[in-house]
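>>> A predicted structure for the sequence below; I have some questions about it.
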Amino acid sequence: MGIINKTNYKILTFRHLCTVVLVGLVAINLSCSSTKCVPEGQYLLKGNSVVNVEAQDGKGFKASQLVPYMRQNPNSRWFSVLNIPLYIYNLSGSDSTKWSNRMLRRLGEAPVVYDSLEMRKTCLEMQNAMHSFGYFDASVTSETKNKGRKCVVEYKVWPGRKYKIDSVRYDIEDDSIRVLLDERMHRRWGLKRGMDFSSANLDAERKRISQTLNDLGYYKFNKDFIHYEADSTGKQGSVDVVLHLMKYRASNNSQETNHKKYIVGDISYRSNDGTTIPIRPRVLENNTSIKKGKPFSSADLQKTYNNFSQLQAVRFTSIRFDERPDTSLLDCNVFVSTRKPNTISFQPEGTNTAGDFGAAASLTFTNNNIFRGSEQLSIQLRGAYEAITGLEGYQNKNYNEYNVETKLSFPRIIAPFVSGRLNNIASMRSELLVSYNLQNRPEFHRRVFTSAWRYYWKSTNGRYSYRFDFMDLNYVHMPWISATFKKEYLDDVSNRNSILRYNYEDLFILKTGLNFAYTKSSHAVRANFELGGNLLNGISRVLNLKKNADGQYTLFNIAYAQYVKGDFDFIQLVEFDSKNTLALHFGMGIAYPYGNSNILPFEKRYFSGGANSVRGWNVRELGPGKFKGTDGRIDFINQTGDMKLDLNMELRTYLFWKFNGALFVDAGNIWTLKNYKDQPGGQFKIDEFYKQIAVAYGLGIRLNFDYFVMRFDLGMKAINPAYYNKRDHFPIANPRFGRDSSFHFAVGLPF
């Protein structure tokens, strides 16, 4: 008997796993007919499609716009390919009293049986939709193709001519409103000649006029007071439009009158639970955009709701207007429901760093109304312990960490020369943060003091958010370093590592930064920019302070960092159907030390690999460039860089119950901007960097509990830029567990 090679064993193990998964899916597919549960004489809906068959005027119409109007869709598929939910359902028996059959039916999906009535309703709804788009001559038919006990439905669309607006006339019966709109909307009327005659354009004008009048005091006006008259007689594809704005009528039997313009009267604040509101009256007034004596405005009403929603002490707000009889005054009543003033939370954690297991726990106290102005004070205490093994020549000590962090948040901007009006423009708040972190390891002791003053604000629609770090100070102090560690890595001339040494010295970091985020349903953009050390450097130069032996300015005999850093992320979601989405991510960052620094501080350097990066590598195991780590004890320092690139593609699918699945491909790496001798092959070069992009692929399982997502990802290396031979360069051809795989557990989606 020959000796089994360990490497071959790992290769076979991975291939066997893939084979087992593939055979399992095929077995489910073949174990029963997809039409097993379809009643006799009926058909399983296998697919449907919409096609535009018009060759002339309708050629510009996209048939995909009609997909949402389909009343019947075929069974869902995992990753848009595998019809597993239907086959799981078909594995069940007809006896519903058996637990196994009920479970299979809950996990699976019942077959979608073709319904001719639903097909006819779909044709009618599509045709009505075409009319609303401006295609009044459109027609929709359907054709069914049967094969065995399955069928495919094709909807054929004849759009015809698209109608345009020829002339527009505004008939406003209320004279005061006509004069007002002429002043406000002169030359800016929404309907114009040549526009598409569509329900979207017509309804948009109704909403625009209604919104304008609501903001000018017309409290009872709504878009139902506006209707249209259209005439296409004798015209080829064009329509004459008349917009009628009617007078006010309380009911069908009431007499018509002019619309009344309302003025805000008294404003009062009341508690929903009948008690006194525990917030200072001035704070309530400052967050109320509705003002006494001014015309009613729906925009001010929405701003008030937005402002109160940002108050940490407020749980719920409702606003009611009462009309004073025989007047045009509206009294405003603001009802406020507040949260419990104090909360305490406890959160345990489990940690695993390179096989060293540990535990951590945090205790947080929060007061949501510390100064009766909805200021929030939070104090967090955190402790961590980790059993460290495998360190030779060090004292037999484990890792201990203790952290205290205090935050004080104000629901307004606190700054000199800032008026109260600025706080009403958008949702704004100020935050003061102070923390102290104590770390004791066998190799060193580390103390980090952090203090920051920040501003946060959002746009009125909530899509744009900003954070301005006015001043962020970090002081790193190294009170003790092991003699063994110091001898081997810091003082030994033959083994001296400049990056390592720099990050084990006392350091000041004083930075200013701006963070921007834009979110929408289908995409998101995030950007961050920060400058460190410029203020201190300017003061040092003005005062002509002396430099130390390394040519650096110091503060209290401690060198401070000086650098510039920028990050950018873009996320795009492409929805194939309600259960399958493609997520795309592009991220890059670059930082450069200058002036008082030759090397970036460790906290500001980039790393690659891990649950949110290139998932075929563990965190801080990839890069920079084609650098290969040689000392596991300090590679976490060397495998950092000044520049980062991430490219991710993830196909997400709903599986069953709370389970979702994902197939992903990741690419990226980090690089240094300078040529450091301790990181050979790590410098970014324009003609070589693309050859050093690492690629990984893998499979993920997600547990979606609505409030949070637990994620398990198995990543495999595909292209490894740090290789010794061709076999190591392309592990996708010779995949091996352990060396070429990485398992990740995380909370939340990767991007």
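Yep, that arrived.
>>> Flag the shaky bits of the stretch 1-150 of the chain, pLDDT-wise.
Counting by pLDDT under 70, the ranges of the stretch 1-150 of the chain that qualify are 1-32, 55-59.
>>> what ranges do the helices span in it?
When secondary structure is read from DSSP state H, counting those that start in this stretch, the stretch 1-150 of the chain shows helices at 6-31, 84-90, 99-107, 116-132.
>>> Pretty sure E118 sits against N48.
No - no contact is recorded between E118 and N48 when judged using C-beta atoms under 8 Å, the distance being 10.6 Å. (C-beta placed from N, C-alpha, C; glycine too.)
>>> Of the two, give the one with the bigger neighbour count.
N48 (20 against 15; other C-beta atoms under 10 Å).
>>> re earlier: joint contacts of E118 and N48?
Shared contacts of E118 and N48 (C-beta atoms under 8 Å, 6 or more residues apart in numbering): Q72.
>>> Specify the beta-bridge partners of the closest residue to S521 other than its chain neighbours.
Of all residues not flanking S521 in the chain, L573 sits nearest, at 7.7 Å (C-beta to C-beta, 6 or more residues apart in numbering). On the basis of DSSP bridges, L573 is bridged to A583.
>>> Tell me how many other residues crowd L573.
Once other C-beta under 10 Å is used to define contacts, L573 is seen to have 15 neighbours.
>>> which residues touch it?
When contacts are counted by C-beta under 8 Å, 6+ apart, L573 touches 521-523, 581-584.
>>> Kindly report the same for D231.
If a contact means C-beta under 8 Å, 6+ apart, then D231 has 239-240, 242 as its contacts.
>>> Distance from the chain centre to stretch 524-541, please.
From the chain centre to the centre of stretch 524-541 is a distance of 26 Å (C-alpha atoms, centre = their mean, to the nearest Å).
>>> circling back: which PyMOL command selects the buried ones in the contacts of L573?
To isolate in PyMOL the members of the contacts of L573 that are buried, counting by 16 or more other C-beta atoms under 10 Å, one can use:
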select buried, resi 581+582+583
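>>> and the helix or strand where R315 lies, what does it pack onto?
Here R315 is covered by strand 314-323, with elements defined by DSSP states H and E. Secondary-structure packing of strand 314-323 (3 or more C-beta pairs under 8 Å, 6 or more residues apart in numbering; DSSP states H and E): helix 298-309, strand 329-338.
>>> So R282 lies in a helix, does it not?
Yes - read with DSSP: H, G, I helix; E, B strand; the rest coil, R282 is one of the residues of a helix.
>>> what's the neighbour count on it?
Here the number of neighbours of R282 (other C-beta under 10 Å) works out to 10.
>>> and it, what pLDDT?
Predicted confidence (pLDDT) at R282: the value is 93.
>>> Nearest residue to I571 in space, ignoring adjacent ones along the chain?
The spatially closest residue to I571, leaving aside those adjacent along the chain, is A524, at 4.5 Å (C-beta to C-beta, 6+ apart).
>>> following the helix or strand that contains the one you found, which helix or strand shows up next?
When secondary structure is defined using DSSP H and E, the element that contains A524 is strand 523-532. Counting by DSSP H and E, the element after strand 523-532 in chain order, helix or strand, is helix 534-542.
>>> List the buried residues in that following helix.
Within helix 534-542, the residues that count as buried by 16+ other C-beta under 10 Å are 534, 536-537, 540.
>>> Could you list the low-confidence segments of the stretch 551-700 of the chain?
Applying pLDDT under 70 to the predicted model, the residue ranges of the stretch 551-700 of the chain that meet it are 631-634.
>>> and L500, which of the three is it?
Here L500 is recorded as helix under three-state DSSP.
>>> so it touches I637, yeah?
Yes - contact between L500 and I637 holds when scored by C-beta under 8 Å: they sit 4.9 Å apart.
>>> about what we covered before: contact partners for the residue nearest to I571?
517-518, 569-571.
>>> Now the strand holding R315: average pLDDT?
Averaged over strand 314-323, pLDDT sits at 95.
>>> That strand pairs with which strands, parallel or anti?
Using DSSP bridges, strand 314-323 pairs in its sheet with strand 329-338 (antiparallel).
>>> Can you list the buried residues in the lengthiest strand in the chain?
The strand spanning the most residues in the chain, taking DSSP state E as the definition, is strand 464-481. Of the residues in strand 464-481, those with enough neighbours to count as buried (16+ other C-beta under 10 Å) are 465, 468-469, 472, 474-476, 481.
>>> In terms of secondary structure, what does it contact?
Here strand 464-481 touches strand 444-458, strand 507-519, going by 3+ C-beta pairs under 8 Å, 6+ apart.
>>> Quick check: mean pLDDT of that strand?
Over the span of strand 464-481, the pLDDT mean works out to 93.
>>> what does it rub up against?
By C-beta under 8 Å, 6+ apart, the residues outside strand 464-481 that reach it are 443-459, 490, 504-519, 530, 558, 601, 603.
>>> for the helix or strand following that strand, the distance to its chain's centre please.
Moving toward the C-terminus from strand 464-481, the first helix or strand encountered (DSSP H and E) is helix 483-485. Taking C-alpha atoms, centre = their mean, one finds helix 483-485 lying 45 Å from the centre of the chain it belongs to.
>>> three-state assignment of C151?
Counting by three-state DSSP, the three-state call for C151 is strand.
>>> If it is in a bridge, with which residues?
L45, N146.
>>> can you list the buried residues of strand 464-481 in CSV and add distance to V152?
Putting these into CSV (distance: C-beta to C-beta, whole Å) gives the following:
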residue, distance to V152
S465, 46
F468, 56
D469, 58
D472, 60
N474, 63
Y475, 69
V476, 66
I481, 72
